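>>> build the 3D model from these lines:
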Amino acid sequence: MQFAHINDVTLHYQIIGAANDKPVLVFANSLGTDFRIWRDVIVRFAGDFAIVLYDKRGHGLSDIGDVPYSMDLHVSDLAGLLDLLSVKQAIICGLSVGGLIAQGLYATRPDLVRALILCDTAHKIGTVESWDSRIATVEQDGIGSIADGILEKWFTPAFRRPENSAYRGYRNMLARQPVTGYTGTCAAIRDADFTEAAKRIAVPTLCIVGDQDGSTPPDLVLSTAKLIPGARYEVIRDAGHIPCVEQPEALTAVLRAFIDIVLSEE
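Numbering: from 1, shown residues only. Down below sits the predicted model:
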């Protein structure tokens, strides 16, 4: 396991090396998960690219730090980690809040970003009222009290069948995240709005969404793609909010095709 002290916290990360001339892929995961959600994608990329994964503050094995968080703080954490690793001009793939972090990284540190992959995310996610309600419920009753409702948005009915042990595992992952880290990140999402910043993105961008995503539905992701000049838009069939878990092979194929285009245009 690899750890680094960034800003005021220790972050858990993993770097999988490749030849020096290979592009770097950076993966930022969603609310209530850790970087293990990318496993079935990165095994298909290992050797072809250098790969960086990390648990954002308040998630996985990373420190919680002071809460609530701002999106700027999450962005600063990722920028600090990439600086520590001497990574520049990376292809940033962010899922859900990870996609917000990716947009913020481009807005503040464009030197770190070669291209953006915005997976099941948007320029703005949810409303103040919806996030405040979720924060209050979790603070009072814990993440487990909302887990089933969240998982209905994350995964398709086929994945949520009772005999699927993976579904139980991902429920455990969600329910066992630190409450303060979860609610702190909810506050950061609540306050984040990249509507205007999205219009200024000038690197190749791919927006992807599962066709059954209940958290950031296809129409919302498409609206984000339309804000970004020249952005591509792809839908992953038979997937919810976390296609890297449900449809890793299909997602990897879409990512690889996009990356090939990015590299060929340089």
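>>> pLDDT weak spots in the stretch 151-266 of the chain?
Across the stretch 151-266 of the chain, nothing is flagged by pLDDT under 70.
>>> right, and residue 17 touches residue 50 too?
Yes - the pair residue 17 / residue 50 is scored as a contact, 5.7 Å apart, by Cβ atoms under 8 Å. C-beta here means a position set from N, CA and C on the backbone, and glycine is covered the same way.
>>> who's more crowded, those two?
Counted by other Cβ atoms under 10 Å, residue 17 and residue 50 do not tie: residue 50 has more neighbours, with 22 against 12.
>>> who does that one bridge with?
Residue 50 has these beta-bridge partners by DSSP bridges: residue 24.
>>> now do the contacts for it.
15-18, 22-25 (Cβ atoms under 8 Å, 6 or more residues apart in numbering).
>>> max pairwise distance over those residues: which two?
15 and 23 (13.8 Å; Cβ to Cβ).
>>> neighbour count: these two, which is higher?
residue 23 (18 against 15).
>>> doesn't residue 92 make contact with that one?
No - the criterion here is Cβ under 8 Å, and residue 23 misses it with residue 92 at 11.2 Å.
>>> what do those two both touch?
Contacts common to residue 23 and residue 92, judged by Cβ under 8 Å, 6+ apart, are absent.
>>> which parts of the stretch 101-250 of the chain are strands?
113-119, 205-210, 232-236 (DSSP state E, counting those that start in this stretch).
>>> make JSON lines from the ones you listed and add distance to residue 131 and mean neighbour count to it.
Output for the strands of the stretch 101-250 of the chain, formatted as JSON lines (distance: least, Cβ to Cβ, whole Å; neighbours: other Cβ atoms under 10 Å):
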{"stretch": "strand 113-119", "distance to residue 131": "20", "mean neighbour count": "27"}
{"stretch": "strand 205-210", "distance to residue 131": "20", "mean neighbour count": "28"}
{"stretch": "strand 232-236", "distance to residue 131": "26", "mean neighbour count": "19"}
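>>> show me where the stretch 1-150 of the chain has helices.
Along the stretch 1-150 of the chain, the segments classed as helices by DSSP state H, counting those that start in this stretch run 39-45, 71-84, 97-108, 128-141, 147-154.
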